[in-house]
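Participant: Any chance you could fold what I've pasted below:
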Amino acid sequence: MMIKGLVAILLIMLVIFIGCGEDEPEEVISKEAEKVKGLPPSGMILISKGEITIDDETISVRPFYLDKYEVTVGQFKKFTV
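Facilitator: Residues are numbered from 1 along each chain as shown. Here you go, the predicted structure:
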């Protein structure tokens, strides 16, 4: 009886550990981000696509718009409130 209980516990632990594998991150891209074409919105600049290497992993970065001017958190809060 003790062996059956031990086998059951080992099988449950095996299933749990197999389920804890590391998943690949899902790539989330908005439809707006894919439409980086034409003139940039007023006050924005286009940052070209590129790659960045961190440790031994290379990550592709899609083109995106960035504001021309730095904005502090306080300034942003005043703008959004």
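Participant: how about the helices in the chain?
Facilitator: Taking DSSP state H as the test, the helices found in the chain are 2-19, 31-34, 73-80.
Participant: Make TSV out of these and add mean neighbour count, distance to G43 and mean pLDDT.
Facilitator: Placement of C-beta: from N, CA and C, glycine included. Listed next are those as TSV, based on neighbours: other Cβ atoms under 10 Å; distance: least, Cβ to Cβ, whole Å; pLDDT from 0 to 100:
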stretch	mean neighbour count	distance to G43	mean pLDDT
helix 2-19	9	48	80
helix 31-34	9	17	56
helix 73-80	9	12	87
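Participant: quick one: which of the ones you listed is nearest S48?
Facilitator: Distances from S48 to each of those were compared using Cβ to Cβ; the minimum, 13.8 Å, belongs to helix 31-34.
Participant: Just give me how far stretch 49-61 sits from the chain centre.
Facilitator: 13 Å (Cα atoms, centre = their mean, to the nearest Å).
Participant: And I47, how far from T53?
Facilitator: Using Cβ to Cβ, to the nearest Å, we find I47 at a distance of 17 Å from T53.
Participant: More neighbours: which of those two?
Facilitator: Neighbour tally, I47 and T53, criterion other Cβ atoms under 10 Å: the higher count belongs to I47, 14 against 8.
Participant: OK, contacts around the more buried one?
Facilitator: If a contact means Cβ atoms under 8 Å, 6 or more residues apart in numbering, then I47 has 63-66 as its contacts.
Participant: Weed out the non-buried ones from those residues.
Facilitator: Under a neighbour-count criterion of 16 or more other Cβ atoms under 10 Å, the subset of the contacts of I47 counted as buried is empty.
Participant: So which of those residues sit within strands?
Facilitator: By the criterion of DSSP state E, membership of the contacts of I47 in strands covers 64-66.
Participant: Columns pLDDT and distance to P40 on top of those residues, output as a markdown table?
Facilitator: Output for the ones in strands among the contacts of I47, formatted as a markdown table (pLDDT from 0 to 100; distance: Cβ to Cβ, whole Å):
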| residue | pLDDT | distance to P40 |
| --- | --- | --- |
| F64 | 87 | 10 |
| Y65 | 87 | 6 |
| L66 | 89 | 9 |
